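Chemist: sequence? don't have it. structure:
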């Protein structure tokens, strides 16, 4: 499995609402059509990030979203990027966000290994750790102001 992870900052001239209106309801619809795409996840950074005890100065900075897209192989990822669907995704981004390369300060291609776990757990931001659920499901924590 190969993943492309895109770190995104809020583009100049966009409010979070304006960006999400385009990104979540237009760009993701185009990206979901990528050739041979297996899985697609979009994350939005929460405002209050946990502090790292060994690096208290480290923060998430201006990161607004992280998108992760999975393909079976690096060859399929590359073919997807070079396909008509890949061109449509790039074209949509260029039309709506422009050529401002600072919008994506970081992108990583990774080879992934997934491990089965004995008991699935969920991260609890408030308790600063992982917690299991009785039925083994993952719980998503939502802030009421962001729902």
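Modeler: Nice, thanks for sending it over. Not measured: the values here are computed from a predicted model.

Chemist: what helices or strands is the biggest helix by length in the chain leaning on?
Modeler: The helix of greatest length in the chain, counted in residues with DSSP state H as the criterion, is given as helix 84-97. Counting contacts by 3 or more C-beta pairs under 8 Å, 6 or more residues apart in numbering; DSSP states H and E, helix 84-97 is packed against helix 28-31. Backbone N, C-alpha and C define where each C-beta goes, glycine included.

Chemist: what domains does the record give for this structure?
Modeler: Using automatic domain parsing, the domains assigned to the chain come out as 2-114, 116-147.

Chemist: Give me the mean pLDDT for the longest one.
Modeler: Looking back up the chat, that one is domain 2-114. In this model, domain 2-114 has a mean pLDDT of 84.

Chemist: Would you map the strands across the protein?
Modeler: Taking DSSP state E to define them, one finds strands in the chain at 2-9, 39-44, 63-71, 106-111, 121-124, 129-132.

Chemist: Quick check: neighbours of the fourth one in the sheet, parallel or antiparallel?
Modeler: It stands for strand 106-111. Using DSSP bridges, strand 106-111 pairs in its sheet with strand 2-9 (antiparallel).

Chemist: got a list of contacts for the strand it pairs with?
Modeler: Contacts made with strand 2-9 from outside it, assessed by C-beta atoms under 8 Å, 6 or more residues apart in numbering, are listed as 62-74, 76-77, 102-112.

Chemist: Show me just the buried residues among those residues.
Modeler: 63, 64, 65, 66, 67, 68, 69, 70, 71, 76, 77, 103 (16 or more other C-beta atoms under 10 Å).

Chemist: mind listing what the residue nearest to the fourth one when sequence neighbours are not counted touches?
Modeler: When you say that, I think you mean residue 66. If you skip the residues right next to it in sequence, residue 66 has residue 43 as its closest partner in space, 4.6 Å away by C-beta to C-beta, 6 or more residues apart in numbering. With contacts defined as C-beta under 8 Å, 6+ apart, residue 43 is in contact with 65, 66, 67, 68.
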